[in-house]
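Asks: one predicted model, sequence on top.
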Amino acid sequence: MNGCIVCNTGPLIALAVVRRLDILHSLFEVVLIPEAVRGELLAGTAGRAEIEDALSTGWLRAVPTTQAPDPVLDDVLDVGEAAVVQLARQVGADWVLIDERKGRKIAADVYGLRVAGTARIAVEAKRKQLITDVGELLASLCSRGYWISEEIIKAARQMAAEQDPS
């Protein structure tokens, strides 16, 4: 991976809670969030210190969307997801980071954006030797309340050439 990624709220909170937000900084030259996502991130407490640190050091940047929103986005996605797709289109991002199925499908199928989820980020982190075990990272996320389906975890472990623990 490389280039620019625009991130949604959920994956950022999940990575911040397990103190691995640094993975995004290592995988991408530019990591952006729309102002709407920034508002969602700072309204909560989970991972807030890590997110504030990433924003203050400047590697995670909040950017306003300047183009008129596509009404289709507002009708079918939540505010954060719609803003992620809109900002990615505005800046010509290489990737969007969204975990919700509907948001991923619309970003990819309707707008032609390359979509990654948290599990894919974990696989890439292992390939770049930023982590040693995809399953361990995903289990840590799940143990802290972030939901990732067993199917996705199994597929990510297979992509990372890890043994299934069952």
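Replies: Sure, I can see it.
Asks: switch to C-alpha atoms for all contacts and neighbour counts from now on
Replies: Fine.
Asks: now Lys134: closest residue in space that isn't a chain neighbour?
Replies: No Lys there; residue 134 is Val. Ala122 (5.7 Å; CA to CA, 6 or more residues apart in numbering).
Asks: where's Ala139, which helix or strand?
Replies: Using DSSP states H and E, Ala139 falls within helix 134-143.
Asks: again, but for Ala14
Replies: Assigned by DSSP H and E, Ala14 falls in helix 9-17.
Asks: for this protein, where's the lowest mean pLDDT among helices and strands?
Replies: helix 71-76 (a mean of 83; mean pLDDT, DSSP states H and E).
Asks: from the contact counts, what lies against that helix?
Replies: In this structure, helix 71-76 packs against no helix or strand, with contacts taken as 3 or more CA pairs under 8 Å, 6 or more residues apart in numbering; DSSP states H and E.
Asks: is the closest residue to Leu24 other than its chain neighbours in a helix, a strand, or coil?
Replies: Excluding the flanking residues, the one nearest Leu24 by CA to CA, 6+ apart is Val31, at 7.1 Å. Following DSSP: H, G, I helix; E, B strand; the rest coil, we place Val31 in the strand state.
Asks: what about Val31, distance to Trp95?
Replies: Using CA to CA, to the nearest Å, one gets 10 Å for the distance from Val31 to Trp95.
Asks: do the same with Cys4
Replies: 6 Å.
Asks: neighbour count: these two, which is higher?
Replies: When neighbours are counted by other CA atoms under 10 Å, Cys4 and Trp95 differ, and Trp95 comes out ahead with 22 against 19.
Asks: how about the more buried one, what does it touch?
Replies: 3-6, 88, 113-116 (CA atoms under 8 Å, 6 or more residues apart in numbering).
Asks: again, only this time at 10 Å
Replies: 1-7, 28, 31, 85, 88, 107, 113-116 (CA atoms under 10 Å, 6 or more residues apart in numbering).
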